[in-house]
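> just a sequence and a predicted model for now, questions to come.
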Amino acid sequence: MLYDSNFLICLSGSRGRAQRMAAEAFLAAHPDKPVYTSRICWAEFAEGCETREVVNDPLSPFTVLEINDHIAWEASRISRSLDRRGLPIGDNDVWIAATAKAYRLPLVSRNGKHFDRVPGLEIEEY
């Protein structure tokens, strides 16, 4: 599963105890699933941190998927499709969705209504 930045922020406790517990419960309910995040999510999470250690320590269980040509192509297709339908989403969200689609991973997010615009993207809400 690919975890979006909102999940990472909730897991860190920055949004309060209840949201941290919801994120922890989701992880506990899926103990055998590998945990991934995108470099874009890593960067969004890092915006609220003072040092790399503050970023890397809580994200150490997650494999960070780097942007490559397969993801870039997928992002171009998503952006093109959404723009043609008049349903654009933010650039970062296009890259996050593209990473999930390129690796055929469900996207774990609380922003399902937003990501539902992306055809073929599997979303797991927590």
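Done, it's in. All values derive from a computational prediction rather than experimental measurement.
> most remote residue from this protein's center?
For the chain, the largest distance from the centre (Cα atoms, centre = their mean) belongs to Arg84, which lies 23.8 Å off.
> pLDDT score for that one?
Model confidence at Arg84, given as pLDDT, is 96.
> same check on the one 4 residues further on?
Model confidence at Pro88, given as pLDDT, is 89.
> secondary structure element for it?
Counting by DSSP states H and E, no helix or strand carries Pro88.
> what distance do you get for it to Ser79?
8 Å (Cβ to Cβ, to the nearest Å). Where C-beta positions appear, they are placed from N, C-alpha and C, glycine not excepted.
> which residues does Glu124 contact?
If you count contacts by Cβ atoms under 8 Å, 6 or more residues apart in numbering, Glu124 has them with Met1, Phe26, Pro106, Leu107, Val108, Ser109.
> how about the secondary structure of Ala98?
helix (DSSP: H, G, I helix; E, B strand; the rest coil).
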